[in-house]
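Chemist: Predicted model follows, preceded by the sequence.
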Amino acid sequence: MELRPLDSGLTHARSPRSLWLLRHGTSVGNAAAEAAWEAGDHSVDIGERDADVELTADGERQADAVGAWTAALPADRRPTVVLTSPYRRAAGTAERVVRAMSAAPGAQEVLFRSDERLRERDQGALERLTGRGIEEELPEEARRKAHLGKVWYRPPGGESWADVLLRVRSLLAQDLPRFAGERVLLVSHQAVIMNVRVALEGLDEEGAVEIDEGDPQGNCALTRYERGPGGLCLEVYADMTPVRDGAQVLAAGS
């Protein structure tokens, strides 16, 4: 993949040495949404608040695999700062990765904290509704969503992509300069990670939607930027190698 220059105002001296973006592992909500889609249901069968949705057993294994893969890296390539969404599926993923790194040879102290700006996009009145449910129960919202598009549509009581982008820009502008020279891992959600790309690379609406829909992030997919002469450059997007290779590391050690 061609390297893209950073378009965020972060100069070489003010940027982290590396920036990793990790989507959380498969959650109970992900599994329920897939089951609802396959059944043609109007809604997703989960009772918890979105913030309280946990990882499935598969999601835990994915997070453990990423942790094993990260721990197997040389000490000078592992993250030194981990910021996570406070939502349980993301925080649980981050905790498993940090636990593996902490037990690795040459482990360094890791700054680990949550930040509400990394939380999932709020779906408002559309929460738990499937695409079919929105069309049949809220047809006017379905028409408005189709007309405005993914970036600008804000569901009643919820957030648009543009709203998410505002809090992402806040995080990048306020926190990343504090971690100049560090190796930073952000554990978050699909829409947040895509909007980090928008903020860092200056992607336009068409380009961002094309990437998000044409090359969606799997659970525990890793997007990685590394610092070059001009600042941070995208090296890989939505990479599932850490999950695959980490699972092999775990299997070899069992």
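Modeler: Received it, and whenever you're ready, just let me know what you need. Being a predicted model, the structure only gives us computed values, none of them experimental.

Chemist: what ranges do the strands span in the stretch 51-200 of the chain?
Modeler: With strands called from DSSP state E, counting those that start in this stretch, the stretch 51-200 of the chain shows them at 81-84, 111-114, 183-188.

Chemist: Please identify the buried residues of stretch 30-43?
Modeler: Residues of stretch 30-43 classed as buried: 30, 31, 32, 33, 36, 41, 42, 43 (neighbour count, 16 or more other C-beta atoms under 10 Å). C-beta coordinates here come from the backbone N, C-alpha and C atoms, glycine included.

Chemist: okay but the last one is in contact with residue 129, surely?
Modeler: To tie it back to what came earlier, the one meant is residue 43. Yes. Counting by C-beta atoms under 8 Å, residue 43 touches residue 129, with 5.6 Å between them.

Chemist: hang on, the earlier thing: now, which of the buried residues of stretch 30-43 sits nearest residue 68?
Modeler: Among those, residue 30 lies closest to residue 68 (C-beta to C-beta), at 21.6 Å.

Chemist: looking at it, residue 156 is touching residue 145, isn't it?
Modeler: No. Residue 156 lies out of contact with residue 145 (C-beta under 8 Å); the separation is 11.1 Å.

Chemist: Okay, now stretch 20-31: how far is its last residue from its first?
Modeler: With C-alpha to C-alpha, to the nearest Å as the measure, stretch 20-31 spans 25 Å from end to end.

Chemist: That stretch: how far from the chain's middle?
Modeler: Stretch 20-31 sits 8 Å away from the centroid of its parent chain (C-alpha atoms, centre = their mean, to the nearest Å).

Chemist: what's the answer for stretch 43-58, then?
Modeler: Distance of stretch 43-58 from the chain centroid (C-alpha atoms, centre = their mean) equals 17 Å.

Chemist: and what of stretch 23-36?
Modeler: With C-alpha atoms, centre = their mean, you get 14 Å for stretch 23-36.

Chemist: out of the strands of the stretch 51-200 of the chain, deepest packed?
Modeler: Each of those was scored by mean neighbour count; the highest is strand 183-188, a mean of 27, by mean count of other C-beta atoms under 10 Å.

Chemist: Quick one: list the elements packing against that strand.
Modeler: For strand 183-188, the elements it packs on are strand 18-23, strand 81-84, helix 88-102, helix 190-201, judged by 3 or more C-beta pairs under 8 Å, 6 or more residues apart in numbering; DSSP states H and E.

Chemist: Pick the most buried one from these.
Modeler: The highest average neighbour count among these, using mean count of other C-beta under 10 Å, belongs to strand 18-23 at a mean of 24.

Chemist: partner strands of that one, parallel or antiparallel?
Modeler: strand 183-188 (parallel), strand 222-228 (antiparallel) (DSSP bridges).

Chemist: ok, back up a step: can I get the helices and strands packed on strand 183-188 in JSON lines with distance to residue 118?
Modeler: Formatted as JSON lines, the helices and strands packed on strand 183-188 follow (distance: least, C-beta to C-beta, whole Å):
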{"stretch": "strand 18-23", "distance to residue 118": "10"}
{"stretch": "strand 81-84", "distance to residue 118": "6"}
{"stretch": "helix 88-102", "distance to residue 118": "7"}
{"stretch": "helix 190-201", "distance to residue 118": "6"}
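
Chemist: Tell me where the longest strand sits in the protein.
Modeler: Ranked by residue count, the top strand of the chain under DSSP state E comes out as strand 231-239.

Chemist: before we move on, back to that, in TSV: the helices and strands packed on strand 183-188, plus distance to residue 162 and mean pLDDT.
Modeler: TSV is the format used below for the helices and strands packed on strand 183-188 (distance: least, C-beta to C-beta, whole Å; pLDDT from 0 to 100):
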stretch	distance to residue 162	mean pLDDT
strand 18-23	19	98
strand 81-84	22	98
helix 88-102	22	98
helix 190-201	9	97
